[in-house]
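> Provided below are the primary sequence and the corresponding predicted coordinates.
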4 protein chains.
Amino acid sequence: MVGGGPGAFIGPVHRIAAELDGRIELVAGAFSQSAERSRAAGESYRIEPGRAYADYRTMLEAEKKRPDAIDFVSIVTPNHLHLPVAEAALGAGFPVMSDKPATATYAEAITLERAVRKSGLPYGLTHTYAGYALVREARALCAAGKLGKIRKFVVEYLQGWLSRPLEATTAGRKQAEWRTDPALNGPGGCIGDIGVHAFHLLEYVTGHEVTSLHAALRSVVEGRLVDDDCTVLVNVDNGASGVLMASQVAAGEGNGLRLRVYGEAGSLDWQQEDPNRLRIKWLDGPEEIRHAAGHYLGHDARAVARLPIGHPEGYLEAFAVLYREFADGLTAWQQEQPNPMPKTLPGITAGVRGMRFIDRAIESSHSKGWIDF
Amino acid sequence: MVGGGPGAFIGPVHRIAAELDGRIELVAGAFSQSAERSRAAGESYRIEPGRAYADYRTMLEAEKKRPDAIDFVSIVTPNHLHLPVAEAALGAGFPVMSDKPATATYAEAITLERAVRKSGLPYGLTHTYAGYALVREARALCAAGKLGKIRKFVVEYLQGWLSRPLEATTAGRKQAEWRTDPALNGPGGCIGDIGVHAFHLLEYVTGHEVTSLHAALRSVVEGRLVDDDCTVLVNVDNGASGVLMASQVAAGEGNGLRLRVYGEAGSLDWQQEDPNRLRIKWLDGPEEIRHAAGHYLGHDARAVARLPIGHPEGYLEAFAVLYREFADGLTAWQQEQPNPMPKTLPGITAGVRGMRFIDRAIESSHSKGWIDF
Amino acid sequence: MVGGGPGAFIGPVHRIAAELDGRIELVAGAFSQSAERSRAAGESYRIEPGRAYADYRTMLEAEKKRPDAIDFVSIVTPNHLHLPVAEAALGAGFPVMSDKPATATYAEAITLERAVRKSGLPYGLTHTYAGYALVREARALCAAGKLGKIRKFVVEYLQGWLSRPLEATTAGRKQAEWRTDPALNGPGGCIGDIGVHAFHLLEYVTGHEVTSLHAALRSVVEGRLVDDDCTVLVNVDNGASGVLMASQVAAGEGNGLRLRVYGEAGSLDWQQEDPNRLRIKWLDGPEEIRHAAGHYLGHDARAVARLPIGHPEGYLEAFAVLYREFADGLTAWQQEQPNPMPKTLPGITAGVRGMRFIDRAIESSHSKGWIDF
Amino acid sequence: MVGGGPGAFIGPVHRIAAELDGRIELVAGAFSQSAERSRAAGESYRIEPGRAYADYRTMLEAEKKRPDAIDFVSIVTPNHLHLPVAEAALGAGFPVMSDKPATATYAEAITLERAVRKSGLPYGLTHTYAGYALVREARALCAAGKLGKIRKFVVEYLQGWLSRPLEATTAGRKQAEWRTDPALNGPGGCIGDIGVHAFHLLEYVTGHEVTSLHAALRSVVEGRLVDDDCTVLVNVDNGASGVLMASQVAAGEGNGLRLRVYGEAGSLDWQQEDPNRLRIKWLDGPEEIRHAAGHYLGHDARAVARLPIGHPEGYLEAFAVLYREFADGLTAWQQEQPNPMPKTLPGITAGVRGMRFIDRAIESSHSKGWIDF
């Protein structure tokens, strides 16, 4: 693991998620850019002292030589390091599981895509929400045409935690600071941090690709260097259109990710804060609620259930699904199976599309006009 | 009452709402453009046979001469008749309570505004949702600055009943037909039928006025002559912005009107399908749900409660609040009090703004660009 | 109308409900035991001054002689007057629509039943909740066996408004006072005021009759003369059993009436505070939500809808359904049709069963044992 | 770990929960009564082949001798083995973490309590629901008297999965079979499997102890040897009373555990299927919803949050809290601190009370009368 040192939010999440199903074990890491903090983090993760490295290059060098080397590298750093770490890992022959977004800029994403293709190594991207059972069910419903032709969608991701200029204060600084610094985060603030999740969820569930958009990005909190509130009009490849909203100044919201998809025959509604229910409203019949782990769910949804119906699974479990699928893919790849990575696991293509979305949204917001994707 | 004959939806609603609080009684009407159907409707409303007139001009003439003449005229016709009926009524000296939108076109609204001003007579507009107790509470919260400066809003009005080309079928034709015919309805379809409700609710609750917008209007159902799905980016006078959605092809939705307003300190969320609860999410504290008729509510909300907490009031009761306020205003006006109409009751200014919104939204959608309001 | 003078809650509700559908008009009443207050109430209801009588006997005498006499009598007094007023009205040849419970005591209910039978006149009882569209749907589902054999039920009616000794204070005294005085209310407090609603709803929806029970009734607030919290174990005629809860000291609750019925194939769940949704959870499929006015509903539910789907109807509308059905029955009876009263409208049999329930529950609570119904 | 072999539900849950926070690692086990299946399970858990033992006695003997012996024993077998395994483990000097209920019968629980006391070793009981952050918040609210004196409660645990005689079929047999066999499960069916969870939650949150009860237990499914539906009237030590419901034939329910507590000043409501929200309804103010991980929560609730607000944690995370606290207690005990076990972690006293509840409930149901606890 690269990143995830003291004060990190997403590092421990990756650790727990990776290990949840007993398929993966964290054994080495370069957890911080300070050698001492990396060692401390390693201790907290109970890994062998010698394998808490001072930096990722050292780690890759050292691990390459071990008979019991790591099987892959998890990247959980701020965005600006995603590309160099991924390139180095792939260069050293290690598959990569990366936090999103794939890189800090669209140009970097193109570079990374080339590196991944060239290496032939597995590459996975933790678009967490793809791991929820009922997101899989929603995706399967769309793919099977149960809603009829899709006409309209609303995807929103509303948080409130940056309602104040946290980056200028001491408390909570760590999380806010790099996310609001274009040099560490990339040019997109909210659009890159969470807008890209909403974008991925939209394409992942509907199976349609964005073809054009019109974005309005704002920095609501005074002095903030990146956008913190985004509204994007979006058209997709079958003629449907809708809106994507992302905000980090929606005071009072926690992690309000929600997707609604409207087809000719009915609509679906999934909310991350209530992830174990999928609402389907039919044009010609009563509303329906599918529950996670229901035996009536489709194959993809049932495949990721760990618990019986009524036992809520949450964020960590969804995250763990992606690691489980990465482990599956890794095993298949080690056995030289063709197309080893599960199609339900986001990879480099999703990564590039996400970066393109950020890029295009920023451009449209500047030009105040519609723009092709 | 003008309009509201057999097959009408909104006519009986006006009758019930007007009479609900025992302040108003329906005593005369020109319910249909057919004399026979008008008579039949009159019978169903149990009014005196002689007062079910064949047309509104006859009604106005006849009533003017009666010592027990009607006190005001309710207009519940399709939109293209709103202006001529209102002008005739005002011309005959009768105050007017009109269904929304004020007229069929923006130009007509200007004409009507002039007529209202000139007549000096009371004029009310049934923007129903303004009648809900908790919409009043939300408005009072914003006015009192409880949410801090308002930064963002999302207002949506999603219906599914026009998902099919109903206007081309026999069943349900009456309602769909005129609404999708520009000659009867005006140039805006969905934007005029329900978008204008969303627009009014937004300005009514936040107290802010729209200053510019960018609209994307579509006709999703093939062959439809007016828009049936609308997404509008909106800026208001304090710098806040957000999105307004209206759709009549959101399959599975009933009458999904919802307003969310985000301020610096917290946000509010009101949904018409669950109108007896107002959700407030504070940045610094737990979420709060205010219930209709709670003794802790502000003056405006308590003023419109008819029942104790826990006894849900719905659409008819909200509608009746507007009629009750119109009756209050009428009495005050008859007593020659200054500014007789309650400020909480939408009037001609709201009517003109609504028509301007429709006009501007259509223009922006054609030009595919931002436009000043 | 008898009762419903100044300060009354249920009087105005009866007036609005009766008039809502334009079938009934309030034209006379003895609204208070004080002649002056009765006259004042009459004025507020806008009835002819001469028909606001000083007492019900005078009213009955006077109305009997008028050519335009009242068609029936509505009884909305405290419970101890239900019997004498009903007897007098029936004796004078007037049909009766009575607020619940039928009488103050079970013995009185037997007496009243005899009087109703003897008179041959229509008698209706406003068990409000029977008027909700989705209660009708639930009843139809049970009758049609859609849930399979019914095995279990939970019916609860939880209010909090008597959490304090309101009857000993000045504010809110009127409502609390007579309800907590055995002489005016009958021996059952909470069990009679709302427990009987829960009991009626249970039998009305399931179609099963209670055969035995074990009750635990308490007076939680010190000094209260009647019960304010009740839990009753209940068995019904098909072997199913469950629990009935009623409380007026459930602090924080408004009007929490809820019925859950469990059959072999699934269960239903209806809540009065969210009355436009009926939840059905199937053993072998997804949860289902039926919405009021859905075109997929059964006949009985569709018959009572006034508005399209998504336009919530509430307490007043449900109440009005009962008056509409009473008006239907009255018309049929005037036309000498056989069995004129609609079966969906509660009548004297329901009234007697309700009083028996109160009686048996109190007895069981005293004996601390099971008791046959 | 003892138990948790192929087909088990709760074994893998214990494994994941124990390891979730990186404090505990599964290293040895006797997973099945068949040596071969135990070995297979060991492999699936990726433990050293030599440490997947054929039976628990062998395991205890072998581990005792290892320098890197296990630190404690997890018991996840059917109920009838809880006592012998726990006694053997304690006898061998190993602390115990046991699935609930503590034993199969009340008499056994007394025996076990004596063994625990005598050994002086840590003993924990996985009453899962005690691990939820908002259950901790609810408990703290009651302890601090925020609701005022507690007057009433309703605790329900409704499942539907035994609506059919699963124990007599092949599919799903493993889970249903032992639970419905008194020899393996103990005399209480539903009352022992889930009623005891509801009982524990009630005492855990309110801080009050049950003093008397009246139970009605039924076997609804024909041929079932144990109860599958239970309703229990309950009184507690401060004079409050209420009802406890547990059912496994509530068709359509998943895992419907819910606790409502009513005090003088307000009430709380927590539902396991929506575990990240705690509803508080105040007598004198708006309803309040506290969200897991809210910074406004009390110490105990914040102590168990792993993720920011809005990122739902579920069943596994709650389970893991108990293991984390057991690990904390173990460490404290190894360091010979006084009272090493956290008070929030259920232990042998809770285990004995739970068994007594089952015992008393069955007795009351037979005698059809009230019984002292």
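Alright, I've got the coordinates.
> Residue A:103 and residue A:215, how far apart?
Remark: distance between residue A:103 and residue A:215 (C-beta to C-beta, to the nearest Å) = 20 Å. Quick note: C-beta positions are derived from backbone N, CA and C, even for glycine.
> do the same with residue A:347
Taking C-beta to C-beta, one finds residue A:347 at 25 Å from residue A:215.
> For the two, indicate the residue with more neighbours.
residue A:215 (28 against 21; other C-beta atoms under 10 Å in any protein chain shown).
> got the phi/psi numbers for the more buried one?
Dihedral angles of residue A:215 (phi, psi; degrees, to the nearest 10) stand at phi -110, psi 150.
> My read is that it contacts residue A:364, right?
Yes - counting by C-beta atoms under 8 Å, residue A:215 does reach residue A:364; the two are 4.1 Å apart.
> what does chain A put close to chain B?
A:147-148, A:151-152, A:154, A:156, A:160, A:163-164, A:214, A:216, A:218, A:220, A:229, A:231, A:233, A:241-243, A:245, A:247, A:249-253, A:262-267, A:280-283, A:287, A:368-370 (C-beta under 8 Å from any C-beta of the partner chain).
> Any quick ChimeraX command for the buried ones out of those residues?
Buried residues within the residues of chain A next to chain B, by 16 or more other C-beta atoms under 10 Å in any protein chain shown, are selected in ChimeraX with:
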select /A:147,151,152,154,156,160,163,164,214,216,218,220,229,231,233,241,242,243,245,247,249,250,251,252,253,262,263,264,265,266,267,280,281,282,283,287,370
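> and the residue of the stretch 1-150 of chain A found nearest chain C, how many neighbours?
For the stretch 1-150 of chain A and chain C, the shortest gap (C-beta to the nearest C-beta) falls at residue A:137, measuring 10.3 Å. By other C-beta under 10 Å, the residues close to residue A:137 number 26.
> for it, what are its contacts?
Listed by C-beta atoms under 8 Å, 6 or more residues apart in numbering or on different chains, the contact partners of residue A:137 are A:278, A:290, A:297-298, A:300-301.
> Could you rerun that using 6 Å?
A:278, A:297-298, A:301 (C-beta atoms under 6 Å, 6 or more residues apart in numbering or on different chains).
> Which secondary structure state is assigned to it?
helix (DSSP: H, G, I helix; E, B strand; the rest coil).
> check which helix or strand covers the closest residue to it other than its chain neighbours.
Leaving aside its chain neighbours, residue A:137 sits nearest to residue A:301 (3.9 Å; criterion: C-beta to C-beta, 6 or more residues apart in numbering or on different chains). Residue A:301 belongs to helix A:299-303 when elements are defined using DSSP states H and E.
> With just CA atoms, put that helix into CSV.
Extracted in CSV, the C-alpha atoms of helix A:299-303 (Å, rounded to 0.1, in the frame of the first residue of the first chain):
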residue,chain,number,x,y,z
HIS,A,299,-27.1,-13.1,-10.4
ASP,A,300,-24.8,-10.1,-10.1
ALA,A,301,-26.4,-8.8,-7.0
ARG,A,302,-26.6,-12.1,-5.3
ALA,A,303,-23.0,-12.7,-6.1
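> got a list of contacts for that helix?
A:133, A:136-137, A:140.
> change it to 7 Å
A:133-134, A:136-137, A:140, A:344 (C-beta atoms under 7 Å, 6 or more residues apart in numbering or on different chains).
> now the strands: where do they sit in the stretch 151-300 of chain A?
A:210-218, A:229-236, A:241-247, A:256-263, A:266-271, A:277-282, A:287-291 (DSSP state E, counting those that start in this stretch).
> will you turn those into a markdown table that also has distance to residue B:273 and mean pLDDT?
Compiled in a markdown table, the strands of the stretch 151-300 of chain A are given as follows (distance: least, C-beta to C-beta, whole Å; pLDDT from 0 to 100):
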| stretch | distance to residue B:273 | mean pLDDT |
| --- | --- | --- |
| strand A:210-218 | 28 | 97 |
| strand A:229-236 | 24 | 98 |
| strand A:241-247 | 20 | 98 |
| strand A:256-263 | 15 | 98 |
| strand A:266-271 | 13 | 98 |
| strand A:277-282 | 12 | 98 |
| strand A:287-291 | 11 | 98 |
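> contacting residues around the residue nearest the centre of chain A?
In chain A, the centroid-proximal residue (C-alpha atoms, centre = their mean) is residue A:127; its distance is 2.2 Å. Neighbour list for residue A:127: A:100, A:197, A:200, A:346, A:350 [criterion: C-beta under 7 Å, 6+ apart].
> try 10 Å this time
A:99-101, A:135, A:196-197, A:199-201, A:204, A:322, A:345-347, A:350-351, A:354 (C-beta atoms under 10 Å, 6 or more residues apart in numbering or on different chains).
> and what of residue A:101?
Residue A:101 touches A:79, A:82, A:108-109, A:125, A:127, A:185-186, A:188, A:191-193, A:195-197, A:199-200, A:350-352, A:354-355, A:357-358, counting by C-beta under 10 Å, 6+ apart.
> Please apply the same query to residue A:282.
Counted by C-beta under 10 Å, 6+ apart, residue A:282 has contacts A:146-147, A:265-267, A:288, B:160, B:251-252, C:296.
> same thing with residue A:320?
Per C-beta under 10 Å, 6+ apart, neighbours of residue A:320: A:13-14, A:16-21, A:23-24, A:128, A:131, A:304, A:306, A:313, D:16, D:316.
> Then residue A:233?
Counting by C-beta under 10 Å, 6+ apart, residue A:233 has contacts A:212-216, A:241-244, A:364, A:370, B:214-216, B:231-233, B:243.
> picking up where we left off before, adding pLDDT, write the contacts of helix A:299-303 out as JSON lines.
Formatted as JSON lines, the contacts of helix A:299-303 follow (pLDDT from 0 to 100):
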{"residue": "A:133", "pLDDT": "97"}
{"residue": "A:134", "pLDDT": "97"}
{"residue": "A:136", "pLDDT": "98"}
{"residue": "A:137", "pLDDT": "98"}
{"residue": "A:140", "pLDDT": "98"}
{"residue": "A:344", "pLDDT": "95"}
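> Most neighbours among those, please name it.
Busiest of the contacts of helix A:299-303 [other C-beta under 10 Å] is residue A:133, holding 28 neighbours.
> Would you agree that residue is in contact with residue A:292?
Yes - between residue A:133 and residue A:292 there is a contact under C-beta atoms under 10 Å: 4.7 Å.
> Thank you, goodbye.
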